[in-house]
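**Student:** Sharing a model that was predicted from the sequence below.
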Amino acid sequence: MGTLFKVGSNSLFSSVQKHQDQTFLRFPTSISVSFSSVSKSHNWVPLKPQNFDYLQPFVVSSKRVSACLNSGERLAMSSDEKQSLKNDVRKKNLAVFVSGGGSNFRAVHQAIRNGDVNGQFVVLVTNKHDCGGARYARENGIPVIIYPNTKNEPEGLSSNDLVAALSTYKVDFILLAGYLKLIPSELIRAYPNSILNIHPSLLPAFGGKGYYGTKVHKAVIASGARYSGPTIHFVDENYDTGRILAQRIVPVLVNDTAEELAARVLRQEHKMYAEVAAAVCEERVIWREDGVPIIRSKSDLNHFS
Ligand code: GRF
């Protein structure tokens, strides 16, 4: 249990002890504690995630800690303290790959601006130099790279040059957000378990080559499926087959058109991509023994999704 709560430069909990499957934290004697919701023996308290909004190292002022402890209030982070957490955990460099309007890219960018994602977009890659996503990137000072090199896009890079370019931007994670070309194997090898894609159906259903845009939603409606929703998955060398990381469910209504269903799914895509980007940047993705990636909840160490 490596979680450490700090007060200024001093540790709030002077040490951590395991007893019968419970983790106990020891308060330094200088802090008097009266958690109403936590059973206490001497100055040891069991670590119960509901007592904290964050179970990550963070720094709070001793004054606020004392106030929370004395009143029994939850110890939640203020925006200054969120900032202090971000200073502790290195901000991640993100690349985004887009072929169209880029509404998912914009949603994650907005979440970064709101301070909800500890990352920054350092580059956008597109196969269409003038798509909406690329225009938005330029307007926001994010460099744009064209890939691949084709007759229509003579400025486009080769696969090896793309890998080299991304490494100059020190990219940590790549988010595919409506990028319609297959990702080259050179890139997948260079970024193991670091490339995510969003797909507008509940994979493994309605995925693979040919399932993109409204085609996905038409197929969902025609199948009679009562639920649909987006999937975020890690990317391997095939379309839509990498390990699933997150999904959300929306109903398919009886009179839905493909456009109506697409809009309902897209609203969930925007929220989910921002949440997943936050998890990735805070290093909250862990891998189950059988290779399934899961996200550790921000507020409860024992809760995964
Ligand atoms: C989304 O529906 C996404 O699931 C799929 O492509 C679409 C991109 O939309 N991969 P936008 O460009 O983010 O608006």
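**Tutor:** Thanks, I have it. Numbering: from 1, shown residues only.
**Student:** just checking, residue 156 is part of a strand?
**Tutor:** No - with DSSP: H, G, I helix; E, B strand; the rest coil as the criterion, residue 156 is assigned coil and is not in a strand.
**Student:** my guess is it contacts residue 148, does it?
**Tutor:** Yes - taking Cβ atoms under 8 Å as the definition, residue 156 is a contact partner of residue 148 at 5.0 Å. Just so you know, the C-beta spots here come from the backbone N, C-alpha and C atoms, and that holds for glycine as well.
**Student:** residues shared between the contacts of the two?
**Tutor:** Taking Cβ atoms under 8 Å, 6 or more residues apart in numbering as the contact rule, residue 156 and residue 148 both touch residue 127.
**Student:** who has more neighbours, the two?
**Tutor:** residue 156 (19 against 16; other Cβ atoms under 10 Å).
**Student:** so what's the closest residue to the ligand within the stretch 51-200 of the chain closest to, chain neighbours aside?
**Tutor:** In the stretch 51-200 of the chain, the residue found nearest to the ligand is residue 178; the distance is 2.6 Å by Cβ to the nearest ligand atom. Take residue 178 and drop its neighbours on the chain: the residue closest to it by Cβ to Cβ, 6 or more residues apart in numbering is residue 100, 4.7 Å away.
**Student:** go on, residue 283?
**Tutor:** With Cβ to Cβ, 6+ apart as the measure, residue 89 is the residue that lies nearest to residue 283, at 7.0 Å, once sequence neighbours are left out.
**Student:** For the one you found, give its distance to residue 122.
**Tutor:** Per Cβ to Cβ, to the nearest Å, residue 89 is found 17 Å from residue 122.
**Student:** same deal with residue 299?
**Tutor:** Taken as Cβ to Cβ, the spacing of residue 299 relative to residue 122 amounts to 29 Å.
**Student:** which one of these two has more residues nearby?
**Tutor:** Counted by other Cβ under 10 Å, residue 299 and residue 122 do not tie: residue 122 has more neighbours, with 18 against 13.
**Student:** secondary structure class for that one?
**Tutor:** For residue 122, the reduced secondary structure class is strand; criterion used: three-state DSSP.
**Student:** didn't it look like it was pressed against residue 94?
**Tutor:** Yes - with contacts counted by Cβ under 8 Å, residue 122 reaches residue 94, the gap being 6.7 Å.
**Student:** Spit out the residues that contact the two alike.
**Tutor:** Shared contacts of residue 122 and residue 94 (Cβ under 8 Å, 6+ apart): residue 171.
**Student:** For the stretch 51-200 of the chain, which residues are neighbours of the ligand?
**Tutor:** Selection of the stretch 51-200 of the chain residues close to the ligand by Cβ under 6 Å from any ligand atom yields 100-104, 177-178, 198-200.
**Student:** For residue 194, the count of nearby residues, please.
**Tutor:** The criterion is other Cβ under 10 Å. On that basis, residue 194 has 17 neighbouring residues.
**Student:** separation between it and residue 242?
**Tutor:** Plainly put, residue 194 is 11 Å away from residue 242 if you go by Cβ to Cβ.
**Student:** could you pull out the strands for the stretch 51-200 of the chain?
**Tutor:** Listed in chain order, the strands found in the stretch 51-200 of the chain under DSSP state E, counting those that start in this stretch are 58-60, 92-98, 119-126, 144-146, 173-176, 195-199.
**Student:** Can you say which of those is nearest to residue 229?
**Tutor:** Closest to residue 229 of those is strand 195-199 (Cβ to Cβ; 10.1 Å).
**Student:** Could you pull up the mean pLDDT of the following helix or strand past the closest one?
**Tutor:** On the C-terminal side of strand 195-199, the nearest following helix or strand under DSSP states H and E is helix 214-223. Mean pLDDT, computed over helix 214-223, is 98.
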